[in-house]
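this one's sequence-less:
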């Protein structure tokens, strides 16, 4: 840095700052600042030209005044003039003022860019660094557009000094984070990787930060960095603290660079080169060995730096999940931290062990620390550490320790912090279900859960126990007896009443033989809770009472008396009143046979993923799926405990209405809730969660699908019967698709039904079926408001040449949609030839006098016309070789965006439309499919192969078809689903 010349001390600035500090009041400070502002303004406007020193001094005063919280509306031009000075201190103050006070919309931005450009071209390293710092500090899109192409050139130039390279790397990183699209990828990317070999450690540190950020979006462009990063890491780890004196921090060589290199390696799978992998394993072992050595200093900075490298090393070992020896060693090392006096270390150790518990290599090693973790759950003073301990107990749980862990978590729940009680409840419920061998233990656990933390037991939890009890004959009697005893407690939580009402209404006859639980006693016990419950629970209990009349005729007179009471027939709540009237009439009019038919026992629920697990995943946020579903499947006759055995129909090709991801959980039937306004008339028929309350009839989705089930066509051409063409405006007449149109479209690539769009006004649902080159789609438009839609007009638009590739005929819909109502539109579709872009759906209407419009992409993609094709292995390979031209193949290697689950992958591929061929690929983990794209003009054969790599969390997808555009397009569509 240039020496500061005489006079650069700016005595006037020091005097002004001293005056401000000596002010006795806020008013005195403002008076002194106003006086100084007037003086500076007069100097800037005076006829006499100011020299560089004076400009610098006054600009510094303005900057100080701004930092005190006062607005500055002049002096910007003088600061820009300082940029052209050849004195370092003047140029520095100019850049500092601009970085703090000039925004990206300023009229001076062009002058500033010119000054920066001159400094970057000056080859003066000090001036270049100042200019780069200014670009990074401002970081605006305008500056990015002006200099994004120049900075990479400076970074990799052979004559750039080390300080300039360091500044250029960090400046480029700042611009890339602000506007990734402005940083061009080019030949410099290969050269920037070699900065990892630079002699200057500061350049290497900056380069690693830049490469780590860039490789997340373009991993293939920076693959060569793996070997260089391993080499540099090896040199650092094996060096003594005296070898890197300038970069040694409390006897730890280059800790920040080591951590950055370890994080860079976590962006890639394990090295394929055996020599590189061996060298990396040596580095990791060395770090673990050094962690066992006595500390070289007692200062906290030494242990912090040493532990930072250790934890990042363990993160890399967990990421690779391929070295059993390292994983066990990492687990043992973390186990030593579980009793460390430093709270942060205990927290980090618990967090890392949660991930280790999901590895098959280290799960048993993690289980050895169960007593320490249970002790932490009981004694830790920090709630965040206790929460991590609960997470670890959940992760390490299996059949051998499930009862111990569940009992400890139940015991902890009685004194747990309110913030984490709901999560603990969900985890206990999941573990009790997942590892229940004796279902009486499961029932006891859930009822205990409701007793201890009833307010935190969500609907999903008690819905699930009812599903399991209904599906398992062997536990129904025990559940009825246990819940009957639980209801006898003086203080009984409302959730217990709900569970008791449902179970006794269904299975109360199983314990009616005991005089202590005779039908009148059961009814009396339930009715004693009736007046203390909410409306929803009372509605459920009324349903239980009518079930009692069917199960126990001797209670009919008593229950009819309750239903006939004025408090029920004239209840202020319309739902309770309606139930009382209808149930009373039903019990009076219907014969015994009719009553038995209407009120027969509920059938078993269809087996789906536990709604509790789905809720916990949502609660933990994105990316939690792998931690919650750790892939360690216990051998059992029931994949999901409490479920029914899958029949052949449950594992075959999913129906169009199947939930491919299995996230829909069906609530048990009981009392439906009272409608609350027009908005409630619209049911989200494709919701992933359970309804607000259970109902006696089918679920809303089942009712929706059964009521609106399209007639099955007798032949493929029947799908196009009775066309009613509607006016089709051109693409120029409608607005562009909404920003999330592509994301919404991707949800329907492997499914035919769902909610296409929803906001506070409108819900658009889709139900479709396709056969050969024909299809029929039903669009359901729901008015979620209480105000009528006027001039409602949905139309389908064909962009570009799509009119010649896809024929879509629409039926008109009513131009008025009442509040809370739903209208249906039928679309008949014919695929004329292969197409790449979907049609657009334009919806226009007036709401409250204001025009509303939106444009979506209609979920019609080329794979909808897939015809699955079965073929033998020999035929597949023969056809595969025939499609061997480069233009016939499309291949993509990509990272998994969702947890890798074989069953989910299989369901997605079936939903995509191809047939899955067994025993074709030599690797049983791979998926092979075949099918034919059916169009009116021609048929396009398609073969696909999907190769998952669970260790690297990556896929390789290969598609071969007889048409190049179809191969590329299908590959893109399918890759986005994983």
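All right, it came through fine. This one's a predicted model, so the numbers in the text were calculated from it and none came from an experiment.

and the strand or helix carrying residue 874, what does it pack onto?
Following DSSP states H and E, one finds residue 874 within helix 873-882. Contact partners of helix 873-882 among helices and strands, from 3 or more C-beta pairs under 8 Å, 6 or more residues apart in numbering; DSSP states H and E: strand 927-934, strand 939-949. C-beta here means a position set from N, CA and C on the backbone, and glycine is covered the same way.

could you point out which element follows it?
For helix 873-882, the following helix or strand on the C-terminal side (DSSP H and E) is strand 889-895.

I'd like the distance from the very next helix or strand once past that following strand to the chain centre, please.
Sequence order places helix 902-912 as the next helix or strand after strand 889-895, per DSSP H and E. Centre-to-centre, helix 902-912 and its host chain are 20 Å apart (C-alpha atoms, centre = their mean, to the nearest Å).

Just the buried residues of helix 902-912, please?
By neighbour count on 16 or more other C-beta atoms under 10 Å, the buried set for helix 902-912 is 904, 905, 906, 907, 908, 909, 910, 911, 912.

Settle this for me: residue 804 is touching residue 830, isn't it.
No. Counting by C-beta atoms under 8 Å, residue 804 does not reach residue 830; the two are 11.9 Å apart.

So which of these two has more stuff around it?
Neighbours per residue (other C-beta atoms under 10 Å) separate residue 804 from residue 830, with residue 830 holding more: 20 against 11.

quick one: that one from residue 805, how far?
10 Å (C-beta to C-beta, to the nearest Å).

Could you do residue 512 as well?
Taking C-beta to C-beta, one finds residue 512 at 67 Å from residue 805.

Tell me where the model's unsure across the stretch 701-850 of the chain.
701-733 (pLDDT under 70).

mind running it again at 90?
The stretch 701-850 of the chain contains residues with pLDDT under 90 at 701-755, 758-762, 768-774, 783-791, 797-805, 809-822, 833-837, 846-850.

Does the closest residue to residue 939 other than its chain neighbours have any beta-bridge partners, and if so which?
Of all residues not flanking residue 939 in the chain, residue 932 sits nearest, at 5.2 Å (C-beta to C-beta, 6 or more residues apart in numbering). Counting by DSSP bridges, residue 932 is bridged to residue 867, residue 941.

List the residues that contact residue 932.
866, 867, 869, 939, 940, 941, 942 (C-beta atoms under 8 Å, 6 or more residues apart in numbering).

Closest one of those residues to residue 774?
residue 867 (11.6 Å; C-beta to C-beta).

thinking that closest one is in contact with residue 934, fair?
Yes. Counting by C-beta under 8 Å, residue 867 does reach residue 934; the two are 5.2 Å apart.

overlap in contacts of those two?
residue 772.

wait, is residue 790 part of a strand?
Yes. The assignment for residue 790 (DSSP: H, G, I helix; E, B strand; the rest coil) places it in a strand.

burial measure for it, as a count.
14.

For the residue nearest to it when sequence neighbours are not counted, list each beta-bridge partner.
Closest residue to residue 790 apart from its sequence neighbours, by C-beta to C-beta, 6+ apart: residue 846 at 4.2 Å. Beta bridges link residue 846 to residue 790, residue 851 when assigned by DSSP bridges.

what about residue 238, how many residues close to it?
For residue 238, using other C-beta under 10 Å, the count is 12.

Next, give phi and psi for the residue nearest to it when sequence neighbours are not counted.
Counting by C-beta to C-beta, 6+ apart, residue 238 lies nearest to residue 286, which is 6.6 Å off, once chain neighbours are set aside. In terms of degrees, to the nearest 10, the main-chain angles of residue 286 are phi -60, psi -40.

Low-confidence stretches in the stretch 101-250 of the chain?
Ranges of the stretch 101-250 of the chain meeting pLDDT under 90: 101-113, 122-123, 137-153, 155-160, 176-194, 197-201, 214-224, 237-250.

which residues of it fall in helices?
For the stretch 101-250 of the chain, the helices defined by DSSP state H, counting those that start in this stretch cover 109-121, 125-138, 141-147, 150-156, 162-178, 188-193, 201-215, 225-238.

Make CSV out of these and add distance to residue 497.
As requested, those are exported to CSV (distance: least, C-beta to C-beta, whole Å):
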stretch, distance to residue 497
helix 109-121, 68
helix 125-138, 63
helix 141-147, 60
helix 150-156, 68
helix 162-178, 54
helix 188-193, 65
helix 201-215, 55
helix 225-238, 61
